[in-house]
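Novice: Fold the following and give me the result.
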Amino acid sequence: MGGRLAVGLLVIALLAVLAGFGALRGNVAFFASTGRPEPAAERHYRESIRRDFDTLEPLNAGLGVCNVGGTIQGCYEASNAVINELNALLRDISAADVPGRYVDGNDALRRAVRRLRDAFKTRNHGLATYDNASFVRGNDEIEQANSDLENAWAQFPRDARPVP
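Specialist: Numbers count the residues shown, from 1 in each chain. The predicted structure follows:
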């Protein structure tokens, strides 16, 4: 009788442990994505996205044409160049080998870049159709997406954070 009781208690304990792991699944995934430092892989990741951001910097400077005194066509073309480069960045970060500690940051970065690209598309739609409401909405979305981008960088480890 004592043996059956011990087996029964062991089964109950095992089920409780498994149920606990099910409840902690999000935390287990969080710790798994934290990973250990991988200096070579992290350096490679940082260098690969740095090239994309180096290309975006002069394009971003060219967006001044979208301010007062610029032209609709000039703003459309400058924004379209940014959209194309954001697409290239999305392809690169989606294809990159992501080091374990970079998983959360990479996911946040991909979402922010996608949102930024879509915001530029909304603004360009407004320009192409002379729809001021779409243009303004696109500008508001660009501002929000830039905030998301700043928050994405905070998801990378402090000691090896990519610098845009």
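Novice: I'd like the distance between residue 97 and residue 129.
Specialist: Distance of residue 97 to residue 129, computed by CB to CB, to the nearest Å: 41 Å. To be clear about C-beta, it is placed using only N, CA and C from the backbone, and glycine gets the same treatment.
Novice: typo on my end, it should be residue 85
Specialist: Residue 85 is 23 Å from residue 129, by CB to CB.
Novice: try residue 109
Specialist: Using CB to CB, which is the criterion applied here, residue 109 is 31 Å from residue 129.
Novice: ok, these two, which is more surrounded?
Specialist: residue 109 (24 against 10; other CB atoms under 10 Å).
Novice: my guess is the more buried one contacts residue 151, does it?
Specialist: No. Residue 109 lies out of contact with residue 151 (CB atoms under 8 Å); the separation is 9.8 Å.
Novice: Now the longest helix along the chain: average pLDDT?
Specialist: Assignment by DSSP state H gives helix 103-129 as the longest helix of the chain. Mean pLDDT, helix 103-129: 96.
Novice: Check which helices and strands that helix is in contact with.
Specialist: helix 25-34, helix 72-95, helix 132-153 (3 or more CB pairs under 8 Å, 6 or more residues apart in numbering; DSSP states H and E).
Novice: center of this structure - which residue?
Specialist: The chain has residue 109 as the residue nearest its centroid, 1.7 Å off, counting by CA atoms, centre = their mean.
Novice: list the contacts for the nearest residue to that residue once chain neighbours are set aside?
Specialist: Closest residue to residue 109 apart from its sequence neighbours, by CB to CB, 6 or more residues apart in numbering: residue 152 at 4.3 Å. Contact partners of residue 152, counting by CB atoms under 8 Å, 6 or more residues apart in numbering, are 105, 108, 109, 111, 112.
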